[in-house]
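> return atomic coordinates for the entry below.
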Amino acid sequence: MNRLLYWAGRALIAFVQAMPLRLVARAGRAGGMAAYYLDGRHRRVVSHNLQHCFGRQQSPESLKNLAREHFRRVGENYLCAVKTASMSAHDLAPHLEFTGTHHLLDKPGCPPLQSCVVAIGHFGNFELYARLQQVLPSYSCAATYRELKQPAMNRLMMELRSTSGCHFFERRRDGAALRTLLNKPGMILGLLADQSSHGVRIPFLGRECNTSTAPAVLALRYKCPLHTAICYREELARWKVEFGPEIPTHLADRPRPVEDIMRDVNARLEQGVLRDPANWFWVHRRWKD
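Next up is the predicted model:
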């Protein structure tokens, strides 16, 4: 069964990757709209999250329209991620722009090619974060992931990601290898920081939630600058990844509290959500008791 599932997935991936990117995006949006009507459980999660965050500012009809557009975006982003994984830097260039990368470059008084930590989120086609090396070839990129329970799906996911040139580390198993890598110069580590996780309870979009402290802890431990990055959808099959200025991890030469650092990270990610609410991953149960 696992082998059959793997080869069926490979066939579907090959079919998607043979299609033009804009057609893939349209097909993904259609699939996302179908999921809105068929997947009642996740539709209720999205509606609940949107109601709690925007219920006082928007009408029920506006929230329903936002939920529908969100499902279209999820379908578009996931199917496009399959296609863009197979695209060369040259072919992808008209569809992808990186801005704010000057924030990551060497700063006066810092060692050459200083490694840094980037707090990222589930915005847009978030697999495109791994293509940063296209514009910063002197640096190496790394990211963490959580292994899928289904071996066939996990194998397919890692095969797709292997084409990006980014180093991927399983967050529960590869801690030692990740620490070794962070001790090297010229590493950019992306850490997803917008899902419910053990850490600290701080506000996000006006409501307290569990927030991972990993970006702040690793930035402090390895003396790395800390930044944020958000992938915005500019139009159909076109994205822009924006890097923000450095988030201070020290104050008067003393380390800032981890909770305060992560409040700043959450504030940056909030700005990304409010700029384009349909672009963020509302399907996740971000706010848990």
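> which helices and strands sit right next to the lengthiest strand in the chain?
Counting by DSSP state E, the longest strand found in the chain is strand 226-235. Under the contact definition 3 or more CB pairs under 8 Å, 6 or more residues apart in numbering; DSSP states H and E, strand 226-235 sits against helix 60-84, strand 116-120, helix 214-221, strand 238-243, helix 258-275. The way it works is simple: take the backbone N, C-alpha and C, and place the C-beta from them, glycine included.
> hey, where'd the helices end up in the stretch 1-150 of the chain?
Using DSSP state H, counting those that start in this stretch, the helices found in the stretch 1-150 of the chain span residues 2-17, 21-38, 40-54, 60-84, 89-92.
> can you tell me which of those is most buried?
Among those, ranked by average contacts under mean count of other CB atoms under 10 Å, first place goes to helix 60-84 (a mean of 20).
> tell me the mean pLDDT over that one?
When pLDDT is averaged over helix 60-84, the result is 97.
> list the contacts of residue 195.
Shown in contact with residue 195 (CB atoms under 8 Å, 6 or more residues apart in numbering): 122, 212, 284, 286.
> equivalent analysis for residue 145, please.
157, 161, 168, 169, 170, 171.
> to residue 184, which of the helices and strands packed on strand 226-235 lies closest?
Nearest to residue 184, of all the helices and strands packed on strand 226-235, is strand 116-120, at 12.3 Å by CB to CB.
> each with direction, which strands does the closest one pair with?
Within its sheet, strand 116-120 is paired with strand 187-192 (parallel), strand 226-235 (parallel), according to DSSP bridges.
> what about the stretch 51-200 of the chain, any weak spots by pLDDT?
Low-confidence segments of the stretch 51-200 of the chain (pLDDT under 70): 106-112.
> any chance of the helices of the stretch 1-150 of the chain in TSV, plus distance to residue 265?
As requested, the helices of the stretch 1-150 of the chain are exported to TSV (distance: least, CB to CB, whole Å):
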stretch	distance to residue 265
helix 2-17	33
helix 21-38	28
helix 40-54	18
helix 60-84	22
helix 89-92	28
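> quick one, which of those helices is nearest to residue 279?
Closest to residue 279 of the helices of the stretch 1-150 of the chain, according to CB to CB: helix 60-84, at 6.3 Å.
> next, the angle helix 2-17 makes with the closest one.
Angle of helix 60-84 versus helix 2-17, following axes from the mean of the first three to the mean of the last three CA atoms, to 10 degrees, is 100 degrees.
> quick one, grab the pLDDT at residue 1.
We have a pLDDT of 65 for residue 1.
> ok, now residue 211?
Residue 211 carries a pLDDT value of 95.
> residue 10 too?
Residue 10 is assigned 84 on the pLDDT scale.
> quick revisit: would CSV of the strands paired with strand 116-120 with mean neighbour count and distance to residue 217 be doable?
Below are those laid out as CSV (neighbours: other CB atoms under 10 Å; distance: least, CB to CB, whole Å):
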stretch, mean neighbour count, distance to residue 217
strand 187-192, 23, 10
strand 226-235, 21, 10
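> what's the closest of those to residue 32?
strand 226-235 (12.7 Å).
> only alpha carbons, please: show the closest one as CSV.
Taking Å, rounded to 0.1, in the frame of the first residue of the first chain, the C-alpha atoms of strand 226-235 are listed here in CSV:
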residue,chain,number,x,y,z
LEU,A,226,17.1,37.7,14.1
HIS,A,227,14.8,38.7,11.2
THR,A,228,11.4,37.9,9.8
ALA,A,229,10.2,37.0,6.3
ILE,A,230,6.8,36.9,4.8
CYS,A,231,5.7,35.5,1.4
TYR,A,232,3.0,37.6,-0.2
ARG,A,233,0.9,36.7,-3.2
GLU,A,234,1.2,39.6,-5.7
GLU,A,235,-1.1,38.1,-8.3
